[in-house]
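> Test case, fold it:
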Amino acid sequence: MRLTRHHHTVRDHAESWRRPLLDLSHRLHADPETAYEEHRAAAALADLAARAGFAVERGVAGLPTAFTAVRGTGDLVIGLCAEYDALPGIGHACGHNVNGTAALGAALALGAVADELGLTVKLLGTPAEEDGGGKVDMIDAGLFDDVAVAMMVHAANADTVGNTSMAIGAWDITYTGRPAHAAAAPWDGVNALDALTVAQTSIGLLRQHLPQDARVHGIITDGGQAPNVIPERTAARYEVRSATLESMRALQRRVAVCFEAGALATGAALHMAPHGHDFAELRQDGTVAGIYAEAAESLGRTVGRAPERGGSTDMGNVSQLLPTIHPMIGYDTGGAHQHTREFAAAGTSAGADRAVLDGAVAMAWTGVELATGPGHRDRLRAAVSARARTPRPTAEPTGAHP
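Numbering: from 1, shown residues only. Model prediction:
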């Protein structure tokens, strides 16, 4: 990448915020908050953006832990998505302290040239990526309507661009039976735990007949209260994943029948309710991803370009609407993958700190290229105009049991 005065300006500006950014990353890591409860994390990111001169609006989209921070008034709106929720029990095992702080750093750096390059830099504080999907709420509230391109980086054990993700939908499952003494009169009971056991067995048998890219997994959240009482109530949370939103919903219909089988076999009553939003598959913009990869390599990083399918993310829903990138930014995790304690332990390492700064600069440099490179501004602004003329699609029903 040929570096211009603007590239040097944003890099210098990111470097000037090094200490506050890394302190913030470590602070988030030491104080993990789960989905929709990220009050201290959201406040800390928003406070730093306000300190840098951004106009901050808190509690947007009806979410107390969502915010926007804007600087500049240009006709090209660049969105940086900050994630900051953690996982229950294992903290920042998905590296969102890195993700969120890198997005903030990119916004601060790009904000330094916003007026000169005709940009509006929009930092979107997006809660509940791990459970619920805050970005979907923010889409529905119109907070992405003016955004021409959305960017974030995601912590990983290697740098890659162009990855895809799986679509996902989740249910909260409840069976209600009838209690009885498990030894003296079990025949008087209706065993809600048996209903869930039948359902899980049916799902296990179904797996042989599922496509290789399909996933069905869950946990029991209530298995009864005492071993000598026939369980009156059991509950579970299950997730279904597939390559696309369409195929995921088709798979949900097959899995729903397994839960119905548990009710039919035992006489327990079944209730299935959607949990959070469905996440669509991720579609990354090849042109913007290529610019980002070149920027990251200019910083001395090695970036893989072989597309891989990862987990699931509500950034997929953003990518269905507008040009989006979601590159992985790597550091040494001792070979550990995300959603493990070992991955979480690496989240404040020297490599993770470098990922925060490199991710911020690479995204800021990508923004500079989109503002100044031939044809990029016109393409992105034309897409925003086209979206404005197209009615937003009505959300499809989830696979919830009627």
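
> For Asp75, see how far away Arg387 is.
Going from Arg387 to Asp75 by CB to CB, to the nearest Å gives 15 Å. In short, each C-beta sits where N, CA and C put it, glycine included.

> wait, I meant Thr390
20 Å.

> So which of Arg387 and Asp75 has more stuff around it?
Each of Arg387 and Asp75 has its neighbours counted (other CB atoms under 10 Å); Arg387 has more, 17 against 13.

> pLDDT at Pro402, what is it?
On the pLDDT scale, Pro402 is placed at 28.

> Repeat that for Ala235.
98.

> helix, strand or coil for it?
Counting by DSSP: H, G, I helix; E, B strand; the rest coil, the backbone at Ala235 sits in strand.

> same question, the one 3 residues further on
Using three-state DSSP as the criterion, the local structure at Tyr238 reads strand.

> Apart from its neighbours in sequence, what residue is nearest it?
Nearest residue to Tyr238, sequence neighbours excluded (CB to CB, 6 or more residues apart in numbering): Gly218, at 3.3 Å.

> My read is that the one you found contacts Arg237, right?
Yes - at 5.6 Å, Gly218 and Arg237 qualify as touching, with contact defined as CB atoms under 8 Å.

> Distance of Ile306 relative to Tyr331?
No, residue 306 isn't Ile; it's Ala. The spacing between Ala306 and Tyr331, counted by CB to CB, is 19 Å.

> Residue ranges of each domain in this protein, please.
Per automatic domain parsing, the structural domains of the chain span 5-165+279-388, 167-274.

> same question for the longest one, mean pLDDT?
Pointing back at domain 5-165+279-388 there. pLDDT averaged over domain 5-165+279-388 gives 97.

> So for Ala306 and Tyr331, which residue has more residues nearby?
The residue with more neighbours, out of Ala306 and Tyr331, is Tyr331; 22 against 8, by other CB under 10 Å.

> Specify the local secondary structure of the residue nearest to the more buried one when sequence neighbours are not counted.
The shortest distance from Tyr331 to any non-neighbouring residue, by CB to CB, 6+ apart, is to Gly351 (3.0 Å). For Gly351, the assignment made with three-state DSSP gives helix.

> Number of residues surrounding the closest residue to Ile168 other than its chain neighbours?
Counting by CB to CB, 6+ apart, Ser312 is the residue found nearest to Ile168 once chain neighbours are left out, at 3.9 Å. A count of nearby residues for Ser312, using other CB under 10 Å, gives 25.

> what secondary structure does Ser312 sit in?
Taking three-state DSSP, the label given to Ser312 is coil.
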